[in-house]
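**Q** Kindly return the folded structure for what I paste below:
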Amino acid sequence: MGADLQTARPKGRGAVTNAVSRYDALTRHIEPDGWDRDEGLPTLRTEVSLERPRSLISYNRSPDLPFDRSINPYRGCEHGCVYCFARPSHAYLGLSPGLDFETRLIARPDAPDVLRAELGRKGYKVAPLAIGTNTDPYQPIEKEHEIMRRCLEVLEECGHPVAIVTKGALIERDIDILARMARRGLIRVGISVTTLDPVLSRAMEPRAPAPARRLTTIRRLAQAGIPVRIMASPMVPALSDPELEAILAAGKDAGARTASWIMLRLPREVSPLWQEWLAVTYPDRAPRIMARLREMHGGKEYDAAWGRRMRGEGPYAEIVAHRFAVAIKRLGLKEKGRPMRCDLFRPPRPDSDQLELF
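**A** Numbering: from 1, shown residues only. Okay, here's the model as predicted:
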């Protein structure tokens, strides 16, 4: 493939390029200098910076989401899922939504202390908190930093309900906390399975656990009494969506109680990154995949309008939605689980050391 960033694909990474963000006025290109031996790009190492957040809980008013607040222990995600709709958030940091998103990560080690302070504020109204809706809290660097585990300790202490979304098998480390919270009706976990094909998974999400490993995680969480959702997300038309029923069945067999699905979303910089990846990885399918996506978004690659952005519109979207409904009815899966308890919440105990953060 050579050293040109438009065609060279770094080993073990999802994005093909480190394309500039929408805020950059200049673009960057690698030009051959005559010494190129066609050795490709060097292996990209993961870099981790530390950030001390002033606030942690983010609020939203989207009618498409079943929660109004979330937290992110990390910025960027080493799993490298090429389709990740969170990639554009790296542009706010002056970094590329491409390779920077999966190689230049930011950990927030003070997050548990900031969370504790925010939950203890006068007037805080409890509602389920979501973690993992932007970047995965159980990506590989969590093994070293343990930020997610310490956040869970705060939430357990306060009796605060939390919903977690992840692909990471590292969540099994925290089964002790999650099982205790499950017995109190304070936890839900969603495991995302995009495909059962390990080859396709390795190409789309190169550093996430293999599909079979994620099913094992569902099984181990379920055996511990933790309610688990199988998330067939995102479904890629003409690539992974033929597997929808098989994914749901595998999740059910592993112990999932509920299920959901979302169609592939291509906001902002994700669209060109996705199309670069398609051109390199599945050039024969690229035209059909993009045609289906445009068909579901009124001729555009993505429509961010509420009510349409998650699943699209039109005949193809309706067919997938119908297939999902038929499959979960046959399998005995539900779309909604029992509401989590909010009546157990108690503000964290005052800690004079934590006040020094503010």
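**Q** Quick one: the helices in the stretch 251-358 of the chain, in order.
**A** 270-281, 286-296, 315-331 (DSSP state H, counting those that start in this stretch).
**Q** ok, for Ala246, nearest residue in space, not its chain neighbours?
**A** Nearest residue to Ala246 in three dimensions, chain neighbours excluded: Leu196, at 5.8 Å (CB to CB, 6 or more residues apart in numbering). C-betas here are computed from N, CA, C, even on glycine.
**Q** wait, doesn't the one you found sit right on Ala210?
**A** No. With contact defined as CB atoms under 8 Å, Leu196 does not reach Ala210; the gap is 9.7 Å.
**Q** So between those two, which is more surrounded?
**A** Of the pair Leu196 and Ala210, Leu196 is the one with more neighbours under other CB atoms under 10 Å, namely 18 against 15.
**Q** and that one, what is it in contact with?
**A** Taking CB atoms under 8 Å, 6 or more residues apart in numbering, we find Leu196 in contact with 211-212, 243, 246-247, 250.
**Q** Could you do Arg75 as well?
**A** Taking CB under 8 Å, 6+ apart, we find Arg75 in contact with 51, 89-90, 93, 105-106, 108, 135.
**Q** how far away is it from Leu95?
**A** Per CB to CB, to the nearest Å, Arg75 is found 9 Å from Leu95.
**Q** try Leu50
**A** Applying CB to CB to Leu50 and Leu95 gives a distance of 15 Å.
**Q** Comparing those two, which residue is more hemmed in?
**A** Counting neighbours by other CB under 10 Å for Leu50 and for Leu95 shows that Leu95 has the greater number, 21 against 10.
**Q** Would you mind checking the contacts of Arg75 for buried ones?
**A** Neighbour-count burial (16 or more other CB atoms under 10 Å) applied to these gives 89-90, 93, 105-106, 108, 135.
**Q** and which of the residues you listed is nearest Glu295?
**A** Ser89 (27.6 Å; CB to CB).
**Q** Run a quick check on Arg108 versus Arg54, I expect a contact.
**A** No. Arg108 lies out of contact with Arg54 (CB under 8 Å); the separation is 10.7 Å.
**Q** neighbours around the nearest residue to Trp261 once chain neighbours are set aside, how many?
**A** Closest residue to Trp261 apart from its sequence neighbours, by CB to CB, 6+ apart: Ala232 at 4.3 Å. When neighbours are defined as other CB under 10 Å, Ala232 has 26 of them.
**Q** Helix, strand, or coil at Ala232?
**A** For Ala232, the assignment made with DSSP: H, G, I helix; E, B strand; the rest coil gives strand.
**Q** list the contacts for it?
**A** 193-194, 244, 247-248, 251, 259-261, 324.
**Q** which one of the residues you listed sits closest to Glu156?
**A** For the contacts of Ala232, the minimum distance to Glu156 (CB to CB) is 25.2 Å, reached by Ser260.
**Q** which residues does the nearest residue to that closest one once chain neighbours are set aside bridge with?
**A** Of all residues not flanking Ser260 in the chain, Met231 sits nearest, at 5.3 Å (CB to CB, 6+ apart). Taking DSSP bridges as the rule, Met231 bridges to Ser192, Ser260.
**Q** Met231 reaches Val165, doesn't it?
**A** Yes. Counting by CB under 8 Å, Met231 touches Val165, with 6.9 Å between them.
**Q** For those two, list the residues in contact with both.
**A** The contact lists of Met231 and Val165 share 190, 192, where a contact means CB under 8 Å, 6+ apart.
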